[in-house]
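Undergrad: got a sequence here, can you model it:
(chains A and B)
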Amino acid sequence: MAAVAAGAPVIVCRNLHKHFLRKTKENVQALDDVSFEVARGGLAALVGPDGGGKTTLIRLAAGLLTADAGELSVLGIDVKADPQAVQDRIGYMPQRFGLYDDLSVQENLDLYADMHGVSAADRRSKYPQLMEMTALGPFTRRLAGQLSGGMKQKLGLACTLVRSPELLLLDEPTVGVDPLSRRELWEIIRGLVRDQGVPVLLSTSYLDEAERCEQVVVLREGKVLAQGPPKDVTALAEGRTFMATPPRGETARVTQTGLLDDPAVIDASPEAGEVRIVRQPGQPDGALARLKLEPTPARFEDGFMVLLRRAAASDNQVQKAPAAPLVAKDVVIPADHEVVVEVRDLVRRFGAFVAVDKVSFEVRRGEIFGLLGPNGAGKTTTFRMLCGLLSATSGTLKIAGVDLRRGGASARQQIGYVAQKFSLYAQLTVAENLDFFASAYGLRGARRRERIDWAMAQFELGPVAGLLGGQLPGGYTQRLAMAAALLHEPQILFLDEATSGADPMARREFWRRITALSQAGVTVIVTTHFMTEAEYCDRIAIMDSGRVLAQGTPAEIRARGATKSDRQPTMEDAFIAVIEEARRPAPHEQAA
Amino acid sequence: MVASLLRVMALIRKELLAVLKDARTRNMLLLQPVLQCLLFGYAATLDLSNVPYAAFDRDRSTASSALLAKLDGSGVFHRIANLTDAADMQRLIDAQKVLVVIQIDPNFQRQLSVGEDAAVQVIADGRNSNTAGAALGYVNAAVESFNADWRGDHGLPPPPVQVNARAWYNANLETRWNLIPALVGTITMMSTMMLAALSVAREREEGTFDQLLVTPFTPVEIMAGKAIPAMLIGVVQATNALLVAQFWFRIPFAGSYVTLYVGLILFLLAAVGIGLFVSSIAATMQQAMLYAFVTIMPFALLSGLTTPISSMPPIIQDFTLINPLRYAIDLVHRVYLEGAGLDRLVPDLWPMAIIAAVTLGAAAWMFRNRLE
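TA: Numbering: from 1, shown residues only, chains lettered A, B, ... in the order given. Now for the predicted structure:
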């Protein structure tokens, strides 16, 4: 066994290159001269846009791929020469961990222990420890397929840890996980690093997670943009970050969207009813002139945006033209803001289990309404009932005046639906998929051509038009799904975790489109696990255990999370506070 | 109405595209019936030829030679040994060297000459009962022919009763004529049922079915859009099989193509209906595949393709009433070999129509009302 000197880095990566040949014979340079090190006992994060090479790098380190050129040693072992020796000592958790849905939690754990030859004695000491850490103890007999997204990830982590690896490689461990479970997962990971000294390299699209690591590596298009402590990246935006109150009569979202194309603005996002702005120095004020800017401390995300903007500029990338209007001009926005979605005392039972319990809310035309909640809160069930995919046990439900379950084809013509996972045809090309959905919505002749051209242009699908749906690189699947759902210009758009797993850039693009749609009078209902995205909504509802716990504007919800010590909680803090308050047993129950 | 038709057309196009795009799937679907017809046409025949047999001629007379010459000249038997020792009979049969042994008694010619009954002992290998039974039939025919010759040559009156057999529609009773037209139904049922069964299950598993349900498609339109492509592929497969039957095996077609295709379309509708129903109750592709297999096997075996339905136990005979293949095989046989018209095929047509109506109706209902 190769001895690793104390204090020596656990991963050393020098001038690493890796390319792939796509089916279309296109050469993709996944990693281009990448060098970095991960220190022993440290927690390091890989961040960057989709397709940047994060997963490739992790798979290379796990010995599952071989680099074209360069050096890569893990725990002092040359991965290329002896991948098995590396695999015997590390734990690797891919994005979709291979849990067996038809086996119970315990059986999955046993299976991985068997595969890695963990002795019975080791199991006796390890299992209780893992169960305590993941809080899966009460669920050992539950089938893995019936666990929530967060619990699945915890079980995956437990299976990875069953044989005490010397290094952990985690590929997006928190994707699709709600804020509560995400926080728990993070406590587990940090506990491992702190208490057991296990070094961890993980990739993530949550920049607040990267901020909590000792070291970050920013990858973009296969190149390292920056590496070092997160504060180095944050420092790039220091002195350039401001908060601004939107002008009277304008929402933060509208102000923010208006700033995105301004050369003086690197990034703008809505936050607590105000707009957070990262300025590009040396540019005239432009659209910023009408706003009063208050300096605010920079965050990792601000620095990250500066880095990406710089890289894009050095690419000589043509500045993106302002997005074309999303909806045809002849759409008249009624000023009366009528209620288009009305849900009253909606109940859905599955046997004895109440998935949705007397949920009521209404959404007005042109509003963006966010449905938030932990995994298993009943959001997706509510969504499926709204879209007419599931019947309600009781209660009323009206979408543009009709119940979709009873309304005919013309009622469904009014809605667009983007499901949680990619649900277009993997065997058809992008163009064929759009063609099919255009026909499904009865688009014909000139209008059909116009709408398909619009979708191709608006979502920049041209370069991938001939690729099969199943071969699309990450961010494109979500764009294609959106394009297909918007072809027929629906009045109401349902988006179920449409940004899950998307990188920060893709999410900004996404919200920019949503904002444009709502300005054109489209009503949008979204679910999301990104609490920062809740800031874009006009109103949000927080659900747990099938019930609506809180409902109101983002500012109102934030106010509910305020405590004496923390007067300005983040949306995520507020969310967790609301859920935890509801889950806390009532005083009389405690006494009993 | 027009909008609805256009939607169905779009779905048909999409289904065909998804299935036929991949060259391997395409070849599998379109060439497979040709290959199966060729395979079964040559391999799966019950007609005997070159049956190895041994003669234990203990008489060695002109009469015994004449009898054996009858067997040798039949084209069915092939003499591989002349035995001199009774023990060899056992050995050859056990070693499966011969299927039949003919033993002729020492007094064979003498007994015949004096007008007594002479016996010929035939031993067959009963381990393969089908072949042995068929071989014994041929031996009987040869002996009968020998008897007739003997009587004629010796001025004896012919036997009082003589069988004068003529097989209509298949004069030489060739198995191939029976089998290949039946395969037209069997092969197409397997592929179309499987295609239909997997099509909805795949969409459900991949989440595209929800996407389809939120578009203006009605359940009936989805049904039609799923059923028609599977049927189209079935019709092409049936045509390929028919071409092999007529132009390769040269089995003469006695009936009308219109009649045949009307029957086939009704049959495919029933097969697709069962497939879609299976699809509508299955949660995953794996389940759909298993259900389809469990359905296809008994349908294929209890269709009259290999064993006559009339010799099955009554309860099984009742079960075959819900088997569309039973009617299809009967229908293809009658149109192909006999030339029957639609009026005479009504007993085959209406049960298939009922099966199609019930299964398609149930599937359409399940599509929308199935609870996740």
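
Undergrad: what helix or strand is residue B:142 located in?
TA: Using DSSP states H and E, residue B:142 maps to helix B:129-153.

Undergrad: my guess is residue A:268 contacts residue A:260, does it?
TA: Yes - look at residue A:268 against residue A:260 with CB atoms under 8 Å: they come within range, at 5.9 Å. In short, each C-beta sits where N, CA and C put it, glycine included.

Undergrad: hang on, the earlier thing: show me what the next helix or strand after the helix holding residue B:142 packs onto, helices and strands only.
TA: Using DSSP H and E, the helix or strand that directly follows helix B:129-153 along the chain is helix B:175-206. Taking 3 or more CB pairs under 8 Å, 6 or more residues apart in numbering or on different chains; DSSP states H and E as the contact definition, the neighbouring helices and strands of helix B:175-206 are helix B:23-43, helix B:208-213, helix B:219-243, helix B:257-281, helix B:285-301, helix B:324-333.

Undergrad: stretch A:219-232: how far from the chain's middle?
TA: Centre-to-centre, stretch A:219-232 and its host chain are 20 Å apart (CA atoms, centre = their mean, to the nearest Å).

Undergrad: how about residues contacting it?
TA: A:18, A:29-36, A:46-49, A:51-54, A:57, A:210-218, A:233, A:300, A:303, A:307-308, A:311 (CB atoms under 8 Å, 6 or more residues apart in numbering or on different chains).

Undergrad: intersect those with the contacts of chain B.
TA: With respect to chain B, and counting by CB under 8 Å from any CB of the partner chain, no part of those is in contact.

Undergrad: among those residues, name the buried ones.
TA: A:18, A:30-32, A:34, A:36, A:46-49, A:51-54, A:57, A:210-211, A:213-218, A:233, A:300, A:303, A:307-308, A:311 (16 or more other CB atoms under 10 Å in any protein chain shown).

Undergrad: report the spatially nearest residue to residue A:16, omitting neighbours in sequence.
TA: residue A:70 (3.7 Å; CB to CB, 6 or more residues apart in numbering or on different chains).

Undergrad: could you give the backbone dihedrals for the one you found?
TA: When quoted as degrees, to the nearest 10, the phi and psi of residue A:70 stand at phi 100, psi 170.

Undergrad: where does chain A dip in pLDDT?
TA: Along chain A, segments meeting pLDDT under 70 span A:1-7, A:22-25, A:316-336, A:474, A:564, A:566-567, A:586-592.

Undergrad: ok now the biggest helix by length in it, how far from the chain's centre?
TA: Counting by DSSP state H, the longest helix found in chain A is helix A:179-196. Using CA atoms, centre = their mean, the mean C-alpha position of helix A:179-196 is found 18 Å from that of the whole chain.

Undergrad: what's the answer for stretch B:138-145, then?
TA: Using CA atoms, centre = their mean, the distance from the centre of stretch B:138-145 to the centre of the chain it belongs to is 28 Å.

Undergrad: CA-only coordinates of it in CSV, if you can.
TA: Listed in CSV are the C-alpha atoms of stretch B:138-145, where the atom choice follows Å, rounded to 0.1, in the frame of the first residue of the first chain:
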residue,chain,number,x,y,z
TYR,B,138,-46.5,-45.4,-43.5
VAL,B,139,-45.7,-49.0,-42.7
ASN,B,140,-49.4,-49.9,-42.7
ALA,B,141,-49.8,-48.2,-46.1
ALA,B,142,-46.9,-50.1,-47.5
VAL,B,143,-48.3,-53.4,-46.2
GLU,B,144,-51.7,-52.6,-47.6
SER,B,145,-50.2,-51.9,-51.0
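
Undergrad: buried stuff in it?
TA: Counting neighbours by 16+ other CB under 10 Å, one finds that the buried residues in stretch B:138-145 are B:138, B:139, B:141, B:142, B:143.

Undergrad: next one: the first one from chain A, what distance?
TA: Here the distance between residue B:138 and chain A works out to 54 Å (CB to the nearest CB, to the nearest Å).
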